[in-house]
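Trainee: kindly return the folded structure for what I paste below:
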Amino acid sequence: MIARPLILCLLSCLLFTGCTKNFDDINTDPGAKEDVDAVYLLSTAITRTAYAYQEESIYKHPASAARYVTMVRNETMDKFAWGPRDWTPNYTRLMTIRLMAGQAEQHHQPQYVVLARILRAFNYAWLTDLWGDVPYSQALEARYNDNIHPAFDKQENIYPDIMKELKACNEALMGTLPVIDAEYDVLFNGDVMKWRRFANTLRLRMLLRCSKNYPPAWSDMQSMLNDPVRYPLIDAPEYNASVKYLGTSIENSWPGSDQAFGYDEFDKRKPAKELVDMLLACKDPRLAVWIDKVEDKASATVDKNDYVGVPNAISQPAQYNGGIIACRASHQR
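Mentor: Predicted coordinates for the structure are as follows:
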């Protein structure tokens, strides 16, 4: 009879050798495509960025924290009863963009390298605006060099680097590059000038935001505004950077699409009083674009104006002003 310790030893050896023999082969999906054309990743990077940006600005915590919207049902978000929050979705999008840039470089497609750099800049600007200091210079390296603890970069260093990138992207797009495939460019349909406007306007916005703490900001902004040929901007609605929620019918398009979480979810939110009052005070022309008018002013119990916002964190917000407020925030155009 073989002693029990010896049996256990033999079984361990069998398990060890069985698990390691041809490990890479048996754990590789033969149907998985590793070499993906960058143009396919372009549409993915654009739509995931646009849908998530819309979600954060209208639906989720940043919109509530900034008092842009008021929750009239499921009010926990509006009253800061938040659970843990992380930035996994942000870095997942950034990894897609990094893969896109890598594939474009491998296949000598410089036009998509530049577009990846612009999308990367947009996502990192958004990330640092939300969180402040974030992993930046060492981020997304785990797949390549096992760095699973990237250092945090200071926002004061991230901002100048992103703005430098955007300036370089505008200059790159001024040169001669291969044509952008309009079918997969769901943002600008292959229009290089619109990509330049997007990059420059994002840079201008960042310069304005950091102008009090970044000494070159004012001179850089003036240089851009004084040279519209070199630095074209989004200065008309037809140049807007917007992605439609595409469906096959009215039932599965905005605001009823899966990406928009359905009309029922959309209608849980009303424009916040702080936002509406500020737009009214400034006579802001965007008011009529963003906010619907009250449908039944005669029945209003608090405010009989055309545009009424709901105060944040009040008791029974759905009943505010008689409960007939029709001024839900319209979708971004």
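Trainee: now residue 84: which helix or strand?
Mentor: Assessed by DSSP states H and E, residue 84 sits outside every helix and strand.
Trainee: what number of residues lie near it?
Mentor: Per other Cβ atoms under 10 Å, the neighbour tally for residue 84 reads 4. Every C-beta, even on glycine, is put in place using the N, C-alpha and C of the backbone.
Trainee: for the one 5 residues further on, same thing?
Mentor: Neighbours of residue 89 under the rule other Cβ under 10 Å: 12.
Trainee: so what's the closest residue to residue 44 other than its chain neighbours up against?
Mentor: Among residues not flanking residue 44 along the chain, residue 96 sits closest, at 5.9 Å (Cβ to Cβ, 6 or more residues apart in numbering). Contacts were defined as Cβ atoms under 8 Å, 6 or more residues apart in numbering; by that measure residue 96 touches 41, 44-45, 48.
Trainee: right, and the helix or strand after the helix or strand hosting residue 96?
Mentor: In this assignment (DSSP H and E), residue 96 forms part of helix 88-106. Elements were assigned by DSSP H and E; along the chain past helix 88-106, the next helix or strand is helix 110-131.
Trainee: now do that following helix, average pLDDT.
Mentor: The predicted model gives helix 110-131 an average pLDDT of 96.
Trainee: between helix 88-106 and that helix, find me the angle.
Mentor: With axes from the mean of the first three to the mean of the last three Cα atoms, to 10 degrees defining the directions, helix 110-131 sits at 160 degrees from helix 88-106.
Trainee: next, the buried residues of helix 110-131.
Mentor: Within helix 110-131, the residues that qualify as buried by neighbour count (16 or more other Cβ atoms under 10 Å) are 111-128.
Trainee: repeat that for stretch 224-233.
Mentor: Of the residues in stretch 224-233, 224, 231-233 count as buried by neighbour count, 16+ other Cβ under 10 Å.
Trainee: same check on stretch 209-228?
Mentor: Within stretch 209-228, the residues that qualify as buried by neighbour count (16+ other Cβ under 10 Å) are 210, 214, 217, 220-221, 224.
Trainee: give me the contact list for it.
Mentor: Residues outside stretch 209-228 that contact it (Cβ under 8 Å, 6+ apart): 129, 156, 159-160, 163, 200, 203-204, 207-208, 231, 233.
Trainee: quick one, phi/psi of the nearest residue to residue 279 once chain neighbours are set aside?
Mentor: Across the structure, with Cβ to Cβ, 6+ apart as the measure, the residue nearest residue 279 apart from its sequence neighbours is residue 287 (4.2 Å). The phi and psi torsions at residue 287 (degrees, to the nearest 10) take the values phi -50, psi -50.
Trainee: and the gap between residue 287 and residue 267?
Mentor: Relative to residue 267, residue 287 is positioned 20 Å away (Cβ to Cβ, to the nearest Å).
Trainee: who has more neighbours, these two?
Mentor: When residue 287 and residue 267 are compared on other Cβ under 10 Å, the one with more neighbours turns out to be residue 287, at 18 against 12.
Trainee: just checking, the more buried one touches residue 307?
Mentor: Yes. At 6.1 Å, residue 287 and residue 307 qualify as touching, with contact defined as Cβ atoms under 8 Å.
Trainee: which residues do these two both contact?
Mentor: Both residue 287 and residue 307 are contacted by 276, 279-280, under the criterion Cβ under 8 Å, 6+ apart.
Trainee: any idea which of these is closest to residue 178?
Mentor: Within those, the smallest distance to residue 178 is 43.5 Å, found for residue 279 (Cβ to Cβ).
Trainee: in which helix or strand does the closest one reside?
Mentor: Secondary-structure element containing residue 279, defined by DSSP H and E: helix 273-281.
Trainee: from the contact counts, what lies against that helix?
Mentor: Contact analysis of helix 273-281 by 3 or more Cβ pairs under 8 Å, 6 or more residues apart in numbering; DSSP states H and E lists helix 287-290 as its packing neighbours.
Trainee: the helix it packs on: how far from the chain's middle?
Mentor: Taking Cα atoms, centre = their mean, to the nearest Å, one finds helix 287-290 lying 22 Å from the centre of the chain it belongs to.
Trainee: any stretches of the stretch 101-250 of the chain with poor pLDDT?
Mentor: Across the stretch 101-250 of the chain, residues meeting the criterion (pLDDT under 70) sit at 246-250.
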